[in-house]
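A.B. asks: dropping a prediction and its sequence here:
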Amino acid sequence: MSSATTLVPEPYVWTEPPLGDAKSAPTRFYTDPEVFKAEVEHIHLKTWFFAGRVEEVPSPGDYKALDSIGGPVLLVRGEDGVLRAFANVCRHRASILLEGCGHANNIICPYHAWNYRLDGTLAGAPGMREVPKFEKPPHGLIPIRMEVWEGAIFLNYDDNAPDLTAYLGNLPELLGSHRFGEMVKTWHIEIDVNCNWKLLLENAMETYHTGIVHAATVGAQRSVSFPTSGEWLSIQVQSSRSIAVLGEEPPFPAIEGLNEQARKGTYFTLVAPTTQFACAQDCIWWLAVRPVAVDRSVLSVGGCFPSAYTELPDFESRAAPYYKRWEAVALEDVGILEKQQRGLSSKLSRPGPLSWRDDMVLAMNRWVMARLPAHVVDGMHD
């Protein structure tokens, strides 16, 4: 992505090849299982991905289980108040330990009752006392690398990857006045989608489609783009008021202290490869994609408001229009992207010319391809 440090918006940010020569990615970019396999190995298991918000696991003993490209994950807050991430698998024979969200004093395997403390250490292993050389310390839960930025939890399966601060680059500068750390998650859905993971994120970073796909909801939109440093992209949909509700006056006021640029519209950012934060004048929401197969993904959509808003007595009734909008627009996108995936499977599908409004689509394509082995990229064009 661009090495520029300025956060001044531009009509579009283009990367080579020049506008007029640039085309959409080869169909195999979205349909070839070997490409997907290479993406898992070289991208998804080596980069940061969003796993939730710290307020989802606020107290000692609270936990959240989730699936990821690297397998089941368990977020748990220890008795010492420290939030940790582990592989959600028993060290005996790999049963899933916990599911959903909840509270536990310890972690007990439902298969053979091996049990673990909240810090991941093995507390008990029934029947193993008779096993020669067995010792508890080496058989605690396997940790997963975790870092938190302003209440947002990120995980990474690569212990050698750059830290999250370096990865985010100047994203905190653009989004700083939204004060992510003072937000509270209040809503969340997950949607199974029959399309490649990249289609969901490309769609989220262009407004070319909005007047058609979202004609009955958010309608046509225009955006500007931002040069960035770090592994992220950003556009801003220009609007003098929040677009997080449908055709009505936003029920909440603008976030106190928003800077001048933030008041001009809604940021749609992509923390590559799979995390999008959308930041309106009165709230934020995320779209996080979990790749499952070359033509299957899970889309997580969640919404957050400033903590002061959530304490209002009528918060739930005020927030309802936001939830309605987030779900409705997501389902409209899913509908068209499943059609696009079917179209890409055609033997006659060919890359088409890109519009200037596809600048971030091209940027994302090139980010992904730059991280794949040369023989995989060359093979897409065979």
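C.D. replies: Received it, and whenever you're ready, just let me know what you need.
A.B. asks: what number of residues are in the vicinity of the residue nearest to Tyr267 when sequence neighbours are not counted?
C.D. replies: Sequence neighbours aside, Cys279 is the residue nearest to Tyr267 in space, at 4.3 Å (criterion: CB to CB, 6 or more residues apart in numbering). C-beta here means a position set from N, CA and C on the backbone, and glycine is covered the same way. Cys279 has 27 neighbouring residues, counting by other CB atoms under 10 Å.
A.B. asks: got it, and Ala308?
C.D. replies: Using other CB under 10 Å, Ala308 has 13 other residues around it.
A.B. asks: same question for His375.
C.D. replies: 9.
A.B. asks: my read is it is in a helix, agree?
C.D. replies: Yes. Applying DSSP: H, G, I helix; E, B strand; the rest coil, one finds His375 inside a helix.
A.B. asks: pLDDT wise, what is it at?
C.D. replies: Model confidence at His375, given as pLDDT, is 97.
A.B. asks: mind listing the strands for the stretch 151-300 of the chain?
C.D. replies: Secondary structure of the stretch 151-300 of the chain, counting by DSSP state E, counting those that start in this stretch: strands at 152-156, 183-193, 223-226, 232-238, 265-271, 275-279, 284-293, 296-306.
A.B. asks: nearest to Gln340, out of these?
C.D. replies: Nearest to Gln340 among the strands of the stretch 151-300 of the chain is strand 183-193; the distance by CB to CB comes to 11.1 Å.
A.B. asks: contact partners of that closest one?
C.D. replies: Contacts to strand 183-193, defined as CB atoms under 8 Å, 6 or more residues apart in numbering, come from residues 52-53, 55-56, 151, 200, 284, 296-307, 310, 315, 319, 322-323, 326-327, 330-331, 334, 337-338.
A.B. asks: the nearest residue to Glu248 once chain neighbours are set aside: neighbour count?
C.D. replies: Once flanking residues are discounted, Glu248 sits nearest to Pro321: 6.4 Å by CB to CB, 6+ apart. For Pro321, the tally of surrounding residues (other CB under 10 Å) stands at 18.
A.B. asks: try the one 5 residues further on
C.D. replies: Trp326 sits with 23 neighbouring residues when counted by other CB under 10 Å.
A.B. asks: now swap in Ser300 and tell me
C.D. replies: Per other CB under 10 Å, the neighbour tally for Ser300 reads 20.
A.B. asks: correct me, but it touches Gln276?
C.D. replies: No. Checked against CB atoms under 8 Å, the pair Ser300 and Gln276 is beyond contact range at 10.2 Å.
A.B. asks: can you pull the pLDDT of the residue nearest to Tyr267?
C.D. replies: Here, the pLDDT recorded for Cys279 equals 98.
A.B. asks: and whichever strand or helix holds Glu34, what's buried?
C.D. replies: In this structure, Glu34 sits in helix 33-39 according to DSSP states H and E. Judged by neighbour count using 16 or more other CB atoms under 10 Å, the buried positions of helix 33-39 are Val35, Phe36, Ala38, Glu39.
A.B. asks: does anything pack onto that helix? Which helices or strands?
C.D. replies: When contacts are defined as 3 or more CB pairs under 8 Å, 6 or more residues apart in numbering; DSSP states H and E, helix 33-39 packs onto strand 284-293, helix 374-379.
A.B. asks: go again with 10 Å.
C.D. replies: helix 28-31, helix 197-204, strand 284-293, helix 359-370, helix 374-379 (3 or more CB pairs under 10 Å, 6 or more residues apart in numbering; DSSP states H and E).
A.B. asks: so which of these gets nearest Ile144?
C.D. replies: Evaluated with CB to CB, those place strand 284-293 nearest to Ile144, the distance being 14.8 Å.
A.B. asks: which helices and strands sit right next to the closest one?
C.D. replies: Checked by 3+ CB pairs under 10 Å, 6+ apart, strand 284-293 has helix 33-39, strand 49-53, strand 183-193, helix 197-204, strand 265-271, strand 275-279, strand 296-306, helix 315-344 packed alongside it.
A.B. asks: 6 Å instead, please
C.D. replies: Applying 3 or more CB pairs under 6 Å, 6 or more residues apart in numbering; DSSP states H and E, we find strand 284-293 packed against helix 197-204, strand 275-279, strand 296-306.
A.B. asks: how far off centre is it?
C.D. replies: 4 Å (CA atoms, centre = their mean, to the nearest Å).
A.B. asks: next one: stretch 44-59
C.D. replies: How far stretch 44-59 lies from its chain's middle: 9 Å, per CA atoms, centre = their mean.
A.B. asks: just stretch 59-72 next, same as before
C.D. replies: Relative to the centre of its chain, stretch 59-72 is centred 15 Å away, using CA atoms, centre = their mean.
A.B. asks: output the lowest mean pLDDT helix or strand found in this protein.
C.D. replies: Least confident element among the helices and strands of the chain, by mean pLDDT, DSSP states H and E: helix 210-213 (a mean of 88).
A.B. asks: what packs against it?
C.D. replies: For helix 210-213, there are no packing partners by 3+ CB pairs under 6 Å, 6+ apart, so no helix or strand.
A.B. asks: wouldn't Ala22 be in contact with Leu362 here?
C.D. replies: Yes. Using CB atoms under 6 Å, Ala22 makes contact with Leu362 at a distance of 5.5 Å.
A.B. asks: and for the two, which residues touch both?
C.D. replies: Common contacts of Ala22 and Leu362 (CB atoms under 6 Å, 6 or more residues apart in numbering): Leu354.
A.B. asks: ok, those two, which is more surrounded?
C.D. replies: Higher neighbour count among Ala22 and Leu362: Leu362, with 25 against 21, using other CB under 10 Å.
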